[in-house]
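Student: Sharing a model that was predicted from the sequence below.
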Amino acid sequence: MPRYRGSSLKIKAKRHIISYLLILPALVFLVLFVFYPIFYSLMLSMQRYRLGFKTRQFIGLANYKTLFATTDFWNSMQITGVYTVIVMVVSIVLGLFLAVLISYRKKTEMFWQVIFFLPVAATMAAMSIVWRFILDQNFGFFNALLQAFGMRGTDWLQNPDTAFSVVTMINIWTNAGYTMVFFIAGLANISGELYESAALDGSNKLQDFLYISFPLLSPTTLFIVIIMTVRALASFDTIKVLTNGGPLQTTEILSLLLYREAFQFFNIGFASSIAVVFFVLTLVLAIVQLKFDKRVHYQ
Amino acid sequence: MRIKPFSIITTSFLVVLGTITIFPFIYMGVTSMKSAQEIVVAGLHVFPRHPVIDNYIKVFSRTLILRYLLNGSIVAGGVLIGQLIVNIPAAFAFAKRTFPLKKVLFLIIVAALVFPKYIAAIPNFLLLSKWRLIDKYPAMILPFIASPFCIFLMRQYIMTIPEDFFEAASLEGCGTGRLLVQILVPMIRPAIGSFSIFSIVAHWNDFFWPLIVVNSKHMFTPPAGIVFFADAEGGTDWGSLMAAAVLTVLPLVVIFLSNRKQFISSLTNTGLKG
């Protein structure tokens, strides 16, 4: 701290220069790869610009007009919305359920945590290939299992009726363990005395959960709702590998639409307008999250 | 254990859900040890009757898996080292020094925590193309060097260190550079460990960015490499694909199993950057 030696102005100035030099590298990278791109995306979204074509001109909000007029976009928005809500809600309910079941055990708690957390650590692109194999129409384990029970399977990831549900379930599989560990931390913060005194009044485990655990977990739950929404909204890897947005665009969430327009069609201007819409959606959620974050401290 | 039946019911729930959760991992492992003939007729036979290592031999000899694993290590390692070098000094300045505009600058940096990666993808791709870095390691490393999360985490940790340590050092004529390397870094080792796990997991697993800035197959990281192998060459050679998947997933699973507690807390102590 400059307090104890900053006698002359020169020393003070030198100290400030050192401080700025310490943050300068981080700031340079941040401006170059995070802040400038946001500004640049906004500019690009107002241009007619396709890689490989000479013409590049300012066209105002025309890209947004086109975007909001295409069925592809609204189809994708709808899929993204339904997908995000289902993945968020089911992952949280399942994670809470697992946390409650696991927290009762002292000896095996870590063992179960490791099992359910495994998908969170695993490389999703690789695990999606494994799921493709398990769900394979001819050689997959899942169809063999159905056959053993006298049912007929299908080509789960290529059938427009099933692809969306399957993709959603696989993403729940990757996220339930994630929400679980937050709930375990939340449950660990609840004083054991509450349960003891409730037990004296003859409370059973279901009542314990309904009247003690669940109300006291509500700040944790609010927090997880926000993070899970952001996480689900940003899904890409699993869906890209499992279905690539197909069949018949039934799994084309916003990130995939953006990827396709930007990096397969190189429709830079138009794709940037999707990126900006995406940015605004996430920003709204982030602001909500910051509001809750001030009040909620779970760890 | 007041009521026995309750415990039986909950245990069976856990066993069923646990089995479903780890089944893909088990099935990946066992299939990687099955011959092509056995995979075709496997049906419900999960475990191989005659375990073979042919799939691994094939993956090592006929694909670029070793190269992918090397690329993945270079990228994840490069990102991590760059992040630590660039962000720790900044974190120190925000935690222990006073200077004009400190609060504003810190708020700006923390704001970047919430930006989704998709907003920067197109401009960064154009910039890296202009610099002729497409298909090169820097394209996969540079965009991730600045880490608001790293600054935030390190700052929190450094703030808990008493001033005396730094005052004593600076009274003894220790320069800022030496102070950072010789005094600060050893003291924030737990925070560095925690951040390292977070960063390595994020960048080893990342599939989106390599897909965008890599064109030639010898530059792929493991996630991009295995998907390329599946879509272009591996096709329905499930045995080899499962062997490649095992090799991709294994490094992180080993780190996870050997540092269970730290691993879980390092992936969950931030909300937005999961």
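Tutor: Yes, it's here. Numbers count the residues shown, from 1 in each chain, chains lettered A, B, ... in the order given.
Student: and the residue positioned nearest the centre of chain A, helix, strand or coil?
Tutor: For chain A, A:Arg231 is the residue whose C-alpha lies nearest the centre (Cα atoms, centre = their mean; 0.8 Å). What DSSP: H, G, I helix; E, B strand; the rest coil gives for A:Arg231 is helix.
Student: Please apply the same query to B:Ile161.
Tutor: coil.
Student: Is it in contact with B:Met187, as I believe?
Tutor: Yes: contact criterion Cβ atoms under 8 Å: B:Ile161 and B:Met187 qualify, at 5.8 Å. C-beta coordinates here come from the backbone N, C-alpha and C atoms, glycine included.
Student: ok, the residue nearest to the centre of chain A to A:Met88 distance?
Tutor: 8 Å (Cβ to Cβ, to the nearest Å).
Student: Likewise for B:Pro223?
Tutor: Distance from B:Pro223 to A:Met88, by Cβ to Cβ: 24 Å.
Student: Looking at the two, which one has more neighbours?
Tutor: Taking neighbours as other Cβ atoms under 10 Å in any protein chain shown, B:Pro223 and A:Met88 compare with B:Pro223 leading, 28 against 23.
Student: shouldn't that one be in contact with B:Thr248?
Tutor: Yes: taking Cβ under 8 Å as the definition, B:Pro223 is a contact partner of B:Thr248 at 6.6 Å.
Student: got any residues that touch both of those two?
Tutor: Counting by Cβ atoms under 8 Å, 6 or more residues apart in numbering or on different chains, the residues touching both B:Pro223 and B:Thr248 are A:Thr123, A:Ala125, A:Ala126.
Student: Give me the packing partners of the host helix or strand of the last one, helices and strands only.
Tutor: Looking back up the chat, that one is A:Ala126. Here A:Ala126 sits within helix A:124-134, counting by DSSP states H and E. Identification of packing neighbours for helix A:124-134 by 3 or more Cβ pairs under 8 Å, 6 or more residues apart in numbering or on different chains; DSSP states H and E yields helix A:141-148, helix A:163-188, helix A:237-242, helix B:4-31, helix B:222-228, helix B:238-258.
Student: quick one: the one residue sitting closest to the centre of chain B and B:Ile255, what's the gap?
Tutor: In chain B, the residue lying closest to the centroid (Cα atoms, centre = their mean) is B:Val201, at 1.5 Å. B:Val201 sits at a distance of 8 Å from B:Ile255 (criterion: Cβ to Cβ).
Student: ok, back up a step: now the helices and strands packed on helix A:124-134 in a markdown table, with mean pLDDT and distance to B:Phe99?
Tutor: Below are these laid out as a markdown table (pLDDT from 0 to 100; distance: least, Cβ to Cβ, whole Å):
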| stretch | mean pLDDT | distance to B:Phe99 |
| --- | --- | --- |
| helix A:141-148 | 94 | 60 |
| helix A:163-188 | 94 | 36 |
| helix A:237-242 | 96 | 41 |
| helix B:4-31 | 92 | 49 |
| helix B:222-228 | 95 | 41 |
| helix B:238-258 | 95 | 38 |
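Student: highest average neighbour count across the ones you listed?
Tutor: helix B:222-228 (a mean of 26; mean count of other Cβ atoms under 10 Å in any protein chain shown).
Student: Which residues does that one contact?
Tutor: With contact meaning Cβ under 8 Å, 6+ apart, helix B:222-228 is reached by A:123-126, A:129, A:237, A:241, B:63-65, B:67-69, B:71-72, B:204-207, B:210-211, B:214, B:217, B:220, B:241, B:244-245, B:247-248.
Student: Might you report the residue contacts of B:Leu14?
Tutor: Per Cβ under 8 Å, 6+ apart, neighbours of B:Leu14: A:Leu98, A:Leu101, A:Ile102, A:Trp112.
Student: And for the second one, nearest residue in space, chain neighbours not counted?
Tutor: When you say that, I think you mean A:Leu101. Nearest non-adjacent residue to A:Leu101, counting by Cβ to Cβ, 6 or more residues apart in numbering or on different chains: B:Thr10, 4.9 Å away.
Student: my guess is the one you found meets A:Ser103, correct?
Tutor: No: the criterion here is Cβ under 8 Å, and B:Thr10 misses it with A:Ser103 at 10.8 Å.
Student: Find the nearest non-adjacent residue to the residue of the stretch 101-250 of chain A found nearest chain B, please.
Tutor: Nearest residue of the stretch 101-250 of chain A to chain B, counting by Cβ to the nearest Cβ: A:Ala125, 3.6 Å away. Distance criterion Cβ to Cβ, 6+ apart; nearest residue to A:Ala125, sequence neighbours excluded, is B:Pro223 at 3.6 Å.
Student: Could you measure from the one you found over to B:Val249?
Tutor: 10 Å.
Student: what does A:Phe142 give?
Tutor: 20 Å.
Student: can you tell me the helix or strand for whichever residue of the stretch 151-299 of chain A sits closest to chain B?
Tutor: Of all residues in the stretch 151-299 of chain A, A:Ala286 sits closest to chain B, at 3.5 Å by Cβ to the nearest Cβ. Element membership for A:Ala286, per DSSP H and E: helix A:268-295.
Student: what residues go with each domain of chain A?
Tutor: A:2-44, A:67-295 (automatic domain parsing).
Student: tell me the most buried of those domains?
Tutor: domain A:67-295 (a mean of 19).
Student: picking that back up, unless I'm misreading it, the residue nearest to the centre of chain B sits right up against A:Ala121, doesn't it?
Tutor: Yes: if you go by Cβ under 8 Å, B:Val201 and A:Ala121 touch, sitting 6.4 Å apart.
Student: Check the contact lists of those two and give me the overlap.
Tutor: B:Leu252, B:Leu267.
Student: Let me know how buried the closest residue in space to B:Leu179 that isn't next to it in sequence is, in neighbour terms.
Tutor: Excluding its sequence neighbours, the residue lying closest to B:Leu179 (Cβ to Cβ, 6+ apart) is B:Ala169, at 5.3 Å. Neighbourhood size, B:Ala169 [other Cβ under 10 Å]: 17.
Student: in the helix or strand harbouring B:Ala169, what counts as buried?
Tutor: Counting by DSSP H and E, the element that carries B:Ala169 is helix B:163-171. The neighbour-count check on helix B:163-171 (16 or more other Cβ atoms under 10 Å in any protein chain shown) flags B:Phe166, B:Ala169, B:Ser170 as buried.
Student: What's the separation between A:Ala125 and B:Val40?
Tutor: From A:Ala125 to B:Val40 the distance is 25 Å (Cβ to Cβ).
Student: where does A:Asp201 land on pLDDT?
Tutor: A:Asp201 is assigned a predicted lDDT (pLDDT) of 87.
Student: Quick check: it vs A:Leu210, distance?
Tutor: In terms of Cβ to Cβ, A:Asp201 sits 14 Å off from A:Leu210.
Student: Next one: the closest residue to B:Ala230 other than its chain neighbours from A:Val34, what distance?
Tutor: Of all residues not flanking B:Ala230 in the chain, A:Ile129 sits nearest, at 5.1 Å (Cβ to Cβ, 6+ apart). Look at A:Ile129 and A:Val34: by Cβ to Cβ, they are 31 Å apart.
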